[in-house]
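Chemist: Quick check, what structure comes out for this input:
(one chain, ligands or ions: 1)
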Amino acid sequence: MRDPSRVAILISGRGSNMRALVEDAKGYEVTLVAANKIEAAGLEWARSRGLQTWALESKGMAKEKFDRELSAAIDERGAGTIALAGFMRILSPWFVNEWRGRILNIHPSLLPKYRGLDTHARAIAAGDSVSGCSVHLVTEELDAGDLLGQAEVPIDPCDMPATLEQRVLAAEHALYPRVLSEFVQR
Ligand code: GRF
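Modeler: Predicted coordinates for the structure are as follows:
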């Protein structure tokens, strides 16, 4: 049974958004934190909070084989919603189709601007006065699914990519739990 209010969070690294989603959970329960890197730092924090974790090294593994194992682990925990939080791996068409309309992602730009990597450097280089973050549904096309919510962050004239990243990250931590909560309850 896939229960939309049971959420699996997918990470690859430090997992600060995962942490925000766990600490601010309203209307949903995090039933799994899964990683494609065995050493993802966020796993340790999740374990210390008594959360169920799953990790499998994706490097060198056929994409769909990994995704089928991941999907089975998510199903084992009865999750019906998947939140990508710094999951640095493109999901296979099989996985996207299997979970269509149930996968969310957070991206550090005001989509449709700056899909992909290096969003802060690109926003500064373009002379933008405002950046921000977006939560969107995941489709086969990178960072292109329906938008579920956005938060704006002003760019200061003296901003470097790292300083802008810090402020956008703080905005991500406020936005993601709120949007996920609205999503699971709709
Ligand atoms: C965040 O900037 C998020 O928007 C992007 O990857 C980064 C993950 O950071 N998708 P964290 O692991 O949540 O700290």
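
Chemist: For the nearest residue to Arg102 once chain neighbours are set aside, give its distance to the ligand.
Modeler: Take Arg102 and drop its neighbours on the chain: the residue closest to it by CB to CB, 6 or more residues apart in numbering is Thr81, 5.5 Å away. Glycine gets a C-beta too; all of them are placed from N, C-alpha and C. The spacing between Thr81 and the ligand, counted by CB to the nearest ligand atom, to the nearest Å, is 17 Å.

Chemist: The helix or strand Thr81 falls within: partners in the sheet, and parallel or antiparallel?
Modeler: For Thr81, the host element (DSSP states H and E) is strand 79-84. Sheet pairing of strand 79-84 (DSSP bridges) gives strand 3-11 (parallel), strand 103-107 (parallel).

Chemist: How many residues are close by the residue nearest to Arg102?
Modeler: 24 (other CB atoms under 10 Å).

Chemist: Assess the claim that it and Leu10 are in contact.
Modeler: No - if you go by CB atoms under 8 Å, Thr81 and Leu10 don't touch, sitting 11.3 Å apart.

Chemist: that older thread, which parts of the next helix or strand after the strand holding Thr81 count as buried, going by neighbours?
Modeler: Sequence order places helix 93-98 as the next helix or strand after strand 79-84, per DSSP H and E. The neighbour-count check on helix 93-98 (16 or more other CB atoms under 10 Å) flags 95-96, 98 as buried.

Chemist: Identify each buried residue in stretch 112-121, please.
Modeler: 113-114, 119-120.

Chemist: from these, which is closest to the ligand?
Modeler: Thr119 (8.2 Å; CB to the nearest ligand atom).
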